[in-house]
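J.: sequence and predicted model, in that order:
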Amino acid sequence: MTIYVNKASGITRPEDLNGKKIGELALYSHDAGIIPKGILMDEFGFKPETCEWVIGGLDWPMKPIDFVPMPHPANVSVSMIAEGKELGAMLEAGEIDALISADNPKCILEHSSNVGRLFEDYPTVEREYYLRTGIFPIMHTVVIRKDLLARYPQLAQSIYNGFCDAKKACMEEYLHGKIFNNMGTMLPWFSHLIDKDIALLGDDWWPYGIEANRKAIDVILRYHHEQGITDRLYTVEELFVGDLLHT
């Protein structure tokens, strides 16, 4: 989980996040924020409305994003970061208690003694979560304009096939590389990690497609609604191209 804490904040367990001042990268509703909040709500009784949220750049000043809507419930306090401020530096200085981000702040990468992860052994926590729920959280989708799809009905299938072919080539390279212990990656025990992931996630350890990710899609749609980002609960069928529903 991408949750970082200032060690002087008193946050030692997920429940301690309630009532805290929390930074979030770029948008209150960014995808790598929706998912951790939702899991924390499901698993630990987290209540985002009890917190004060500060939105901004990680280790660089960021102007407010104005090309997408930024909805949030009226009972949730959300403000943009002060001009010239950076969330990573604020976390290290204790100006915010915690940070939710898709990317690692510099203070984490540099092993600052002031900060740490909420879940230090995050691979074990995440693997246990997948084993228990069958959900591998997703982030990005591919979007096609409706007018293009109307002109080229096979476009969605073609794009999907192209992504699948590219993924297959990558996976085959990793698997073939096991013959040589994947020395080209310069990562010790990389082949062992591949075996470990396949044992947990299956031969298609990074599935593409709608049906292959339905549980994860359903849960993130629920999280959007529960967190007040959408005004109703959307369904998979409403949002995705019908021809690809069984992929």
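T.: That came through, no problem. Only a predicted model underlies this, so the values are computations on that prediction, with no experimental measurement involved.
J.: so how far is residue 237 from the nearest residue to residue 142 once chain neighbours are set aside?
T.: If the residues on either side of it in the chain are set aside, residue 142 comes closest to residue 159, at 6.3 Å by Cβ to Cβ, 6 or more residues apart in numbering. Every residue, glycine included, has its C-beta placed from N, CA and C. According to Cβ to Cβ, to the nearest Å, residue 159 and residue 237 sit 19 Å apart.
J.: can you check residue 173 too?
T.: Noted for residue 173: a distance of 35 Å to residue 237, by Cβ to Cβ.
J.: these two: which is more packed in?
T.: residue 173 (12 against 9; other Cβ atoms under 10 Å).
J.: report how many residues lie close to the residue nearest to residue 87 when sequence neighbours are not counted.
T.: Spatial nearest neighbour of residue 87, chain neighbours left out: residue 23 (4.0 Å); criterion: Cβ to Cβ, 6+ apart. When neighbours are defined as other Cβ under 10 Å, residue 23 has 27 of them.
J.: show me what residue 23 is bridged to.
T.: Under DSSP bridges, the beta-bridge partners of residue 23 are residue 54, residue 99.
J.: tell me the domain ranges of the chain?
T.: 3-120, 146-244 (automatic domain parsing).
J.: just the pLDDT for residue 1.
T.: With respect to pLDDT, residue 1 scores 60.
J.: an error on my part: the question was meant for residue 139.
T.: You'll see residue 139 listed with a pLDDT of 82.
J.: quick check on the residue nearest the centre of the chain: phi, psi?
T.: Centroid-nearest residue in the chain, with Cα atoms, centre = their mean: residue 32, separated by 3.0 Å. Here is the backbone geometry of residue 32 (degrees, to the nearest 10): phi -80, psi 0.
J.: now swap in residue 80 and tell me
T.: phi -80, psi 150.
J.: next one: the one 5 residues further on
T.: Backbone dihedrals for residue 85, given as degrees, to the nearest 10, come out at phi -90, psi 160.
J.: so what's it up against?
T.: For residue 85, the contact set (Cβ atoms under 8 Å, 6 or more residues apart in numbering) comprises 56, 61, 95.
J.: out of those residues, which one sits closest to residue 15?
T.: Lowest distance from residue 15 to these (Cβ to Cβ) belongs to residue 95, with 22.4 Å.
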